[in-house]
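S.K.: Any chance you could fold what I've pasted below:
(2 chains)
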Amino acid sequence: MVYEKLRDLTEEATRKSGFEAVNFTVEHPANLELGDYASNIALVLGKKNGQNPMDVAEKIAEVLRQVEDNSLSRIEVASPGFINFFLSKEFFSKSLKNILEDKQFGKNENLKGKKVIVEYTDPNPFKEFHIGHLMSNSIGESISRLIEWNGAEAKRACYQGDVGLHVAKAVWGAVKNKESGIKNQEWGKCYTEGAKAYKENDTAKKEIEEINKKIYDRSDEEINKLYNEGRKESLEYFETIYKKLDTKFDFYFFESESGPFGKKIVLENKGGIFEESEGAIIFRGEKYDNSLHTRVFINSDGLPTYEAKELGLAKIKYEKYPYDMSVVITGNEVNEYFRVLLVAMSLVFPELAEKTKHISHGMLRLPSGKMSSRTGEVISAESLILELKNAVKDKFKETRRDSDDKLAEEVAVGALKYSILKQAAGKDVVFDIGKSISLDGDSGPYLQYTKARINSVLEKCRSLGIESSANGGQNFEIERVVYIFPEVVERASTEFSPHYILNYLVEVASRFNAFYAQNTIADKNDPESPHKAAIAQAVGQILESGLHLLAIPSPHNM
RNA sequence: GCUCCCGUAGUUCAACGGAUAGAAUAGCGGCCUUCUAAGCUGCGGAUCGAGGUUCGAUUCCUCGCGGGAGCGCCA
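M.R.: Just a heads-up that it's a prediction; the model follows:
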């Protein structure tokens, strides 16, 4: 990439000017008027040697100006000591050509040969697939795709709690319903009833704990039957949502599997890493780090907790797929458990702990009042998507466009994912349906719309017989942004941050829309028309690739 | 009380120790006989407070204040 070349040139010029080697950066200035790239090397050197950075910059820039390279048009020095590089028309033409020739422009091979497993979504059978799972899914799917675009093989994994107290609560609710003659009760509702009873009623609490044990040892025929039905039903339902979200998992892991295995591992390490206390088996996090807590790994009933299961899971994953990196995406409410877990894991399976990367996300909140839906109950992913879809349909009617169900859903999913991915993961997302589909500004539909517009203009070019050509007589501002895409892909992947892609796409789209407003692209009498068509094509390609990396649908027209 | 995360325009978000802190929304204008006006374009408004490190701090450190999550048998 260009910036690598600029780094090398700067380094060499610095040496030739008689300065020592230091750490420095070559980055895009915040404002493109200042240059396409800027280096802070003179600031670093000036500080180190007590010299005026402007003088240092001038000296280095003087040497750089001697370099014959047709990528560069000019080099400037600016206060307080930046060296600014301006790229040439030749460079922009060449990169435009590159983009048109490479349908996967932006992809790199930094992680070539690496195996990465990404775990996300993790809904629990018997419980609702709620909007929190949407967050995990959107982020996880995008991170998986980013990793693939960095050359690695990414396997998607979904880990599901098919045993545990929450299941017992749901099964308890189902048993009660059956006893009172209610049929076909939804599992989500059974769970809600069970959870309520568990909190409020001591008898129910004991019954649920009893059921929990029975689920683990599968000792009760009646319970087994209910359990099997519920599990199957939930899992099939989840698949219908994955389809809408364009996710396909390679592996499914279950707590019924990681539980016993995790328990075994903990017991094997009892006495050393884990110790017995009050009938449970615990890990004393404080022993290793003051900010950690003691965590229970096996409870006093002999059942493995989240932590033990997770420990077992790391190993199970590795046996199934010997990974170089394991990315685990969860809500940030488990952050501290995960920290403790990683310390415990570093003692039991040091090589796995080292390969594990935990990414957490905040909650998806709805602005109060608007759609906070029946008193505090969780909102299901399905109902949110449906609501969005209806809002999109209304919007289509308003603007008198044709729409079908599929298109409305693509726009709805795009709006939703955009809202989730637009900010750095970790913080809560405030999701406003109206804003997300308003399209007055940055939104999923804005990107989709821009892409659809490009599709349309390119069709017009084709019908007029205008062929894209990267050779043009002039330069357009938009060209100073399109070549950057690979850098963004690289950064987003190494930092596990899809929002870099999203922010970049908005910038490209907005610049393109300005370009589109100022220029007629398809014009037989304009000698620049092929060049403009090439720009539209390149931007279209970047939007297409970028939307793919975000797993946002890209409708052909809208 | 302890631990972790967070505090940026009215609101929702950006800013990899650097240049004039960017967008979008919301408000008021302008632009469709011409490729999709769900677009473009013009005009205000912000770094929670106090110190410190640095040539340079929204960013790093300390202390306040405010918000969120968690604090031994749920996940």
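S.K.: Show me how far the one helix or strand residue A:316 maps to is from its chain's centre.
M.R.: If you go by DSSP states H and E, residue A:316 is part of helix A:306-320. Taking C-alpha atoms, centre = their mean, to the nearest Å, one finds helix A:306-320 lying 23 Å from the centre of the chain it belongs to.
S.K.: Output the contacting helices and strands for that helix.
M.R.: Here helix A:306-320 touches strand A:251-254, helix A:255-268, strand A:294-298, strand A:325-331, helix A:335-348, helix A:350-355, going by 3 or more C-beta pairs under 8 Å, 6 or more residues apart in numbering; DSSP states H and E. Heads up, the C-betas are built off the backbone N, CA and C, glycines and all.
S.K.: any weak-confidence spans in the stretch 401-550 of chain A?
M.R.: Applying pLDDT under 70 to the stretch 401-550 of chain A flags the ranges A:439.
S.K.: how many neighbours does residue A:342 have?
M.R.: 20 (other C-beta atoms under 10 Å).
S.K.: likewise residue A:465?
M.R.: Around residue A:465 there are 7 residues (other C-beta under 10 Å).
S.K.: now residue A:298
M.R.: With other C-beta under 10 Å as criterion, residue A:298 counts 23.
S.K.: correct me, but it touches residue A:309?
M.R.: No - shown here, residue A:298 and residue A:309 do not form a contact pair, counting by C-beta atoms under 8 Å, at 10.3 Å.
S.K.: So which helix or strand of chain A has the lowest pLDDT on average?
M.R.: helix A:433-438 (a mean of 72; mean pLDDT, DSSP states H and E).
S.K.: Can you name every helix or strand that that helix contacts?
M.R.: Here helix A:433-438 touches helix A:381-398, helix A:405-421, going by 3+ C-beta pairs under 8 Å, 6+ apart.
S.K.: follow-up on the earlier one: contacts for the helix holding residue A:316, please.
M.R.: With C-beta atoms under 8 Å, 6 or more residues apart in numbering as the test, helix A:306-320 has contacts from A:117, A:119, A:157, A:159, A:251, A:253, A:255, A:257-266, A:283, A:295-298, A:304, A:323, A:326, A:334, A:337-338, A:340-341, A:344-345, A:348-349, A:352-353, A:356.
S.K.: What average pLDDT does that helix get?
M.R.: What helix A:306-320 shows for mean pLDDT is 96.
S.K.: Just want the angle from that helix to strand A:325-331.
M.R.: Put simply, helix A:306-320 runs at 150 degrees to strand A:325-331, going by axes from the mean of the first three to the mean of the last three C-alpha atoms, to 10 degrees.
S.K.: quick one on the thing from earlier: what about the helices and strands packed on helix A:433-438, which gets the closest to residue A:83?
M.R.: helix A:405-421 (34.7 Å; C-beta to C-beta).
S.K.: Just the buried residues of that closest one, please?
M.R.: Across helix A:405-421, burial judged by 16 or more other C-beta atoms under 10 Å covers A:407-421.
S.K.: Close to RNA strand B: what parts of the stretch 451-558 of chain A are there?
M.R.: Residues of the stretch 451-558 of chain A lying close to RNA strand B (C-beta under 7 Å from any atom of the strand) are A:452-453, A:455-457, A:460, A:499, A:503, A:506, A:510, A:513-514, A:516-523, A:557-558.
S.K.: Give me the phi and psi angles of the residue of the stretch 301-450 of chain A found nearest RNA strand B.
M.R.: When distances are taken as C-beta to the nearest atom of the strand, the stretch 301-450 of chain A reaches nearest to RNA strand B at residue A:441, 1.8 Å away. Per-residue torsions, residue A:441: phi 120, psi -150 (degrees, to the nearest 10).
S.K.: same check, this time on residue A:81
M.R.: When read as degrees, to the nearest 10, the backbone of residue A:81 gives phi 150, psi 30.
S.K.: Quick check: which element contains the closest residue to residue A:69 other than its chain neighbours?
M.R.: Leaving aside its chain neighbours, residue A:69 sits nearest to residue A:9 (7.3 Å; criterion: C-beta to C-beta, 6 or more residues apart in numbering). Assigned by DSSP H and E, residue A:9 falls within helix A:2-16.
S.K.: Alpha carbons of that helix, in CSV - could you do that?
M.R.: C-alpha atoms of helix A:2-16 as CSV (Å, rounded to 0.1, in the frame of the first residue of the first chain):
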residue,chain,number,x,y,z
VAL,A,2,1.0,3.6,-0.6
TYR,A,3,1.5,4.5,3.0
GLU,A,4,4.0,1.7,3.4
LYS,A,5,6.0,3.2,0.5
LEU,A,6,5.7,6.7,2.0
ARG,A,7,7.0,5.3,5.3
ASP,A,8,10.0,3.8,3.6
LEU,A,9,10.7,6.9,1.7
THR,A,10,10.5,9.0,4.8
GLU,A,11,12.7,6.7,6.7
GLU,A,12,15.3,6.8,4.0
ALA,A,13,15.2,10.5,3.7
THR,A,14,15.5,10.9,7.4
ARG,A,15,18.6,8.8,7.4
LYS,A,16,20.1,10.7,4.4
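S.K.: How about it and RNA strand B, any contact?
M.R.: No - taking C-beta under 7 Å from any atom of the strand as the criterion, helix A:2-16 and RNA strand B are apart, separated by no less than 9.4 Å.
S.K.: near RNA strand B, anything from the helix or strand just after that helix?
M.R.: As assigned by DSSP H and E, the chain's next helix or strand after helix A:2-16 is strand A:26-27. Yes - using C-beta under 7 Å from any atom of the strand, strand A:26-27 reaches RNA strand B at residue A:27.
S.K.: Can you tell me which helices and strands strand A:26-27 packs against?
M.R.: By 3+ C-beta pairs under 8 Å, 6+ apart, strand A:26-27 packs against helix A:2-16, strand A:37-39.
S.K.: So which of the ones you listed is nearest residue A:179?
M.R.: helix A:2-16 (68.9 Å).
S.K.: Report the mean confidence score over the closest one.
M.R.: 93.
S.K.: residues making contact with that helix?
M.R.: For helix A:2-16, using C-beta under 8 Å, 6+ apart, the contacting residues are A:21-22, A:24, A:26-27, A:37, A:39, A:41, A:45, A:60-61, A:63-64, A:67, A:69, A:71, A:83, A:85, A:87, A:91, A:483, A:487.
S.K.: Would you mark the buried spots in that helix?
M.R.: A:2, A:3, A:6, A:7, A:9, A:10, A:11, A:13, A:14.
S.K.: same question, stretch A:99-114
M.R.: Using 16+ other C-beta under 10 Å as the test for burial, stretch A:99-114 gives A:99, A:100, A:105, A:106, A:107, A:108, A:111.
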